[in-house]
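Colleague: generate coordinates for the sequence data below:
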Amino acid sequence: MFRRKLLLSALCVMVFFCSFNGIHAEEIKFQDVGVDHWAIDTIQWAVKEKIVDGYPDNTFKPEQVVGQKEFITLLIRTFKPSDFSLDDPNNTGEWSYPYTHFAFSYGWYVIVPFHQYGSDISLARGQAAKIIADATGKNYNQQDSIRYLLDHGIVEGKADNSFEGFKEGDPLTRAEALTMIKRVHSKLDKLQKSPKETVKYEPKSKK
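Modeller: Take a look at the predicted model:
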């Protein structure tokens, strides 16, 4: 009797682990994002929430540098603001127009003007921080935006949570962008308009 119970328990454990591994394997849909990738949970979250998708060759390209239009699009898709619409009579076919137009109307930091179709610019981490700070309803310069976001735990640094550790000049990858945006989403209820006047931020620390 004892042996039968022991065998049954072992069988249940095997079924549990096989089921878990099967579910986990089904969630891994990109050939360049393995189970040990540092951002796998965030990437799966973003795909599930229809914030982003992969490429036709079944890759995600997590280390590819993010463009300004792509980053703004990811941010808006994450928050799904009620006053955002994909339908705009002024759109002549540019895929990013509704997103960049929304950012422009909210006063966010836009490097490439929203009306310049077909053009984009790769983002550095500091530039993304400026966009995020604007989206929280602030208007600081890039360095102050980083200090403000770190001080309030809205983003985290790359090496550590100091200003230098944020690595403002490093290019922002797709995986890093989603990680940053997911954290912002956990801290912010909705996207805000940025004031027109740039002000000075007084940091809590001198890090």
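Colleague: so who does the most centrally placed residue in the chain touch?
Modeller: With distances taken as CA atoms, centre = their mean, residue 178 lies nearest the centre of the chain, 2.4 Å away. Contacts here follow CB atoms under 8 Å, 6 or more residues apart in numbering; on that basis residue 178 touches 39, 42-43, 45-46, 51-52, 74. Yep, even glycine has a C-beta here, placed from its N, CA and C like the rest.
Colleague: again, but for residue 87
Modeller: Residues counted as contacts of residue 87 (CB under 8 Å, 6+ apart) are residue 98.
Colleague: how close does it get to residue 129?
Modeller: Relative to residue 129, residue 87 is positioned 31 Å away (criterion: CB to CB, to the nearest Å).
Colleague: and for residue 197?
Modeller: Spatial separation of residue 197 from residue 129 under the definition CB to CB is 19 Å.
Colleague: just want to know which of the two has more residues nearby.
Modeller: Higher neighbour count among residue 197 and residue 129: residue 129, with 28 against 6, using other CB atoms under 10 Å.
Colleague: where does the more buried one land in three-state SS?
Modeller: When states are read from DSSP: H, G, I helix; E, B strand; the rest coil, the local structure at residue 129 comes out as helix.
Colleague: which residues in this protein form helices?
Modeller: Defined through DSSP state H, the helices belonging to the chain, from first to last, are 2-27, 40-48, 68-79, 97-105, 125-135, 142-151, 163-166, 174-187.
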